[in-house]
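S.K.: predicted model follows, preceded by the sequence.
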Amino acid sequence: MLKFNEIVQWIGTICIILGHALSAIGPQTYPFNVLAFSIGSLAYLAWSIRVTNRPQLVVNSVALTIGIFGIIKAIL
């Protein structure tokens, strides 16, 4: 049985892969690609806090911040 930390990592992994796949399809997938990346980054951010992995915390904090700006840009 998967543990909670593994489930969070798999959610992040699937969302990041989905974000890349949507980006490869083309600009018509915007903002869904940004949303997928943001959800993946949020999942990995939660995981990095739970396991105290500081490098992942920094990477995913920055990625999530960039994603939030992308989502705001898409809305406005």
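M.R.: Cool, got the structure. Numbering: from 1, shown residues only.

S.K.: in the lowest-mean-pLDDT helix or strand in the chain, what counts as buried?
M.R.: Every helix and strand in the chain was compared by mean pLDDT, DSSP states H and E; the lowest is helix 54-75, with a mean of 91. Using 16 or more other Cβ atoms under 10 Å as the burial criterion, the residues of helix 54-75 that qualify are Q56, L57, N60, A63, L64, G67, G70. From N, CA and C alone the C-beta is placed, and that goes for glycine too.

S.K.: mind putting these in TSV, distance to T13 included?
M.R.: Below are those laid out as TSV (distance: Cβ to Cβ, whole Å):
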residue	distance to T13
Q56	13
L57	17
N60	13
A63	14
L64	16
G67	16
G70	20
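
S.K.: mind giving me the packing neighbours of the least confident helix or strand of the chain?
M.R.: helix 32-51 (3 or more Cβ pairs under 8 Å, 6 or more residues apart in numbering; DSSP states H and E).

S.K.: put the alpha carbons of the helix it packs on into CSV.
M.R.: C-alpha atoms of helix 32-51 as CSV (Å, rounded to 0.1, in the frame of the first residue of the first chain):
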residue,chain,number,x,y,z
PHE,A,32,-4.1,24.3,-18.7
ASN,A,33,-0.4,23.5,-19.1
VAL,A,34,0.5,26.2,-16.5
LEU,A,35,-2.3,24.9,-14.2
ALA,A,36,-0.9,21.3,-14.5
PHE,A,37,2.6,22.5,-13.7
SER,A,38,1.3,24.5,-10.7
ILE,A,39,-0.6,21.6,-9.2
GLY,A,40,2.5,19.4,-9.7
SER,A,41,4.7,22.0,-8.0
LEU,A,42,2.3,22.4,-5.2
ALA,A,43,2.3,18.6,-4.6
TYR,A,44,6.1,18.5,-4.6
LEU,A,45,6.2,21.5,-2.4
ALA,A,46,3.9,19.8,0.2
TRP,A,47,6.1,16.6,-0.1
SER,A,48,9.3,18.6,0.4
ILE,A,49,7.9,20.2,3.5
ARG,A,50,6.9,16.9,4.9
VAL,A,51,10.3,15.2,4.4
